[in-house]
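Enquirer: sequence first, then the predicted structure:
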Amino acid sequence: MDNPNAHIQLHEPTPEDILLDAASRFASDKIAISFSGAEDVVLLDMAHRLGIEMVVFSLDTGRLHAETYRFIEDVRSRYNLKIEMLMPEASAVEQLVREKGLFSFYKDGHNECCGVRKIMPLRRKLSSLDAWITGQRRDQSVTRIDVPLEQTDKAFSTVDHTVTKFNPLAGWSSADVWSYIRTNEVPYNPLHDRGFVSIGCEPCTRAVAPHEHERAGRWWWEEATQKECGLHAQNIIKIVNR
């Protein structure tokens, strides 16, 4: 299912409905929740309350904030989870740093570094899965306004292996996410209390002012239409082809 007009339906299924449907269609070891931020921990909390078991992984680029690592441990403890930390190939990181230094992304753009630290580990993991669940929301950025509730992940599917991607919170707003977090006392990254709204790697994330868009703090030196690290590359393809 890859229907770009799915969000036009008057009555979308709830995130809980989508999680239950996804869990019923894929074996628990073949579907995963990708965990890193506020939206993702909402999905983990929902899955926990619904009694759903599936793989949980997080991308450890080696450049996350200290607060993010502590947050991951808080979540691991709170929900008694085995969170798989996906790490980049040491040789690939060593080559990138040796040839271009530690901060080449400020000059060359973030894609190369993200490719090594995020995309390669994710591709490796998704090759063993049939589906994954993300916390993407349509109002997060111009690259995500058409995000459907379910889609074929064209960025990571191959001729021989189709990967399905679920975006249960596509129709939610930031206010919806934080209402859920506060109502259900869900743990969250303490950086949010310091003005960090969208949190990635430490060198590529900054706090935003109240009037700024939530993704303004990610790769702030680049155009808004390019603010995808490759995890959701087909979002940019849609913008180019629009």
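Expert: Right, received. Where do you want to start?

Enquirer: now do the residue lying closest to Gln140 once chain neighbours are set aside, the pLDDT please.
Expert: Leaving aside its sequence neighbours, Gln140 sits nearest to Arg215 (C-beta to C-beta, 6 or more residues apart in numbering; 5.9 Å). No exception for glycine: its C-beta is placed from N, CA and C like everyone else's. We have a pLDDT of 77 for Arg215.

Enquirer: ok, now which ones touch Lys165?
Expert: When contacts are counted by C-beta atoms under 8 Å, 6 or more residues apart in numbering, Lys165 touches Ala131, Trp132, Ile133, Thr134, Glu150, Gln151, Thr152, Asp153.

Enquirer: of these - the most surrounded one?
Expert: Note: the member of the contacts of Lys165 with the most neighbours is Ile133, at 29 neighbours, neighbours being other C-beta atoms under 10 Å.

Enquirer: state the distance from that residue to Met85.
Expert: As defined by C-beta to C-beta, to the nearest Å, Ile133 lies at a distance of 18 Å from Met85.

Enquirer: next one: Arg117
Expert: Distance from Arg117 to Met85, counting by C-beta to C-beta: 13 Å.

Enquirer: same thing with Tyr188?
Expert: Tyr188 is 19 Å from Met85, by C-beta to C-beta.

Enquirer: ok, now Asn167?
Expert: In this structure, Asn167 and Met85 are separated by 23 Å, where distance is defined by C-beta to C-beta.

Enquirer: Arg117 and Met85: which is more packed in?
Expert: When neighbours are counted by other C-beta under 10 Å, Arg117 comes out ahead of the other of Arg117 and Met85, with 25 against 12.

Enquirer: so that one sits against Glu89, correct?
Expert: No - under the contact definition of C-beta atoms under 8 Å, Arg117 does not touch Glu89, with a separation of 9.6 Å.

Enquirer: endpoints of stretch 123-135, how far apart?
Expert: End-to-end distance for stretch 123-135: 18 Å, by C-alpha to C-alpha, to the nearest Å.

Enquirer: show me what that stretch is in contact with.
Expert: Taking C-beta under 8 Å, 6+ apart as the criterion, the residues outside stretch 123-135 that touch it are 19, 22, 25-27, 30-34, 37-40, 42-43, 54-55, 57, 84, 86, 153, 156, 161-169, 231-232.

Enquirer: PyMOL command for the buried members of those residues?
Expert: The following PyMOL command selects only the buried members of the contacts of stretch 123-135, with burial defined by 16 or more other C-beta atoms under 10 Å:
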select buried, resi 19+22+26+31+32+33+34+37+38+39+40+42+43+54+55+57+86+153+156+163+164+165+166+167+168+169+231+232
